[in-house]
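build the 3D model from these lines:
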Amino acid sequence: MTFEEFVQEHQAQLLRFATVLCADRSLAEDVVQEVLIRVHNRWDVLRGYERPEAYVRKMIVNEHLSWRRKWSRQVPAAEVRPPGEIPDHAAGHADRQALIAELARLPARQRTALALRYYCDLADPAIAEVMGCRPSAARAYIARGLAALRVANAAGLTLILED
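Numbering: from 1, shown residues only. Okay, the predicted model is just below:
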């Protein structure tokens, strides 16, 4: 598989994953672009991996976490309109935006653990491997993140995550 074929096949999925991590589409695009530049430079090695997309996903997590350290700024939460103002056909989009806004308020490691669990459907050992921590720490990040989301919105957002 060539690098161009890899990007064509996985770019949309990687960008969606980064958007969940960053809680900001434009920042996610920057993170994915930075990672893909490094992947391109090392493609001769990476193409031999059994699952290069898993390795690239880990690179995205690391880039996101280091990006936050480098610039030490908060990612602004998306504005959420009151439910009465949302048209029926856009309810799903509004729910996603509300979830992204709540996720943006979580610490980066909790948000990362939740994204890996519920978006990428990874188990605790795999999450721990991607995040560079122990499985018990990954479980703790997930538990704390879910608890914070439940406190923030007791009825709605936890259902979105658990569906």
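
and the chain, what are its domains?
Under the assignment automatic domain parsing, the domains of the chain span 3-71, 94-162.

so who does the residue sitting nearest the centre point of the chain touch?
Compute the mean C-alpha point of the chain, and by Cα atoms, centre = their mean the closest residue is Leu21, 2.8 Å away. Listed by Cβ atoms under 8 Å, 6 or more residues apart in numbering, the contact partners of Leu21 are 28, 31, 60-61, 64, 111-112, 115. In this view, the C-beta of every residue, glycine as well, is placed from N, C-alpha and C.

output the lowest mean pLDDT helix or strand found in the protein.
None of the helices or strands of the chain scores lower by mean pLDDT, DSSP states H and E than helix 157-162, at a mean of 45.

for the helix or strand harbouring Leu27, which positions count as buried?
Assigned by DSSP states H and E, Leu27 belongs to helix 25-41. Residues of helix 25-41 classed as buried: 27-28, 31-32, 34-36, 39 (neighbour count, 16 or more other Cβ atoms under 10 Å).

what's the angle between the one helix or strand Leu99 maps to and helix 25-41?
Leu99 is part of helix 91-104, with elements assigned from DSSP H and E. Angle of helix 91-104 versus helix 25-41, following axes from the mean of the first three to the mean of the last three Cα atoms, to 10 degrees, is 70 degrees.
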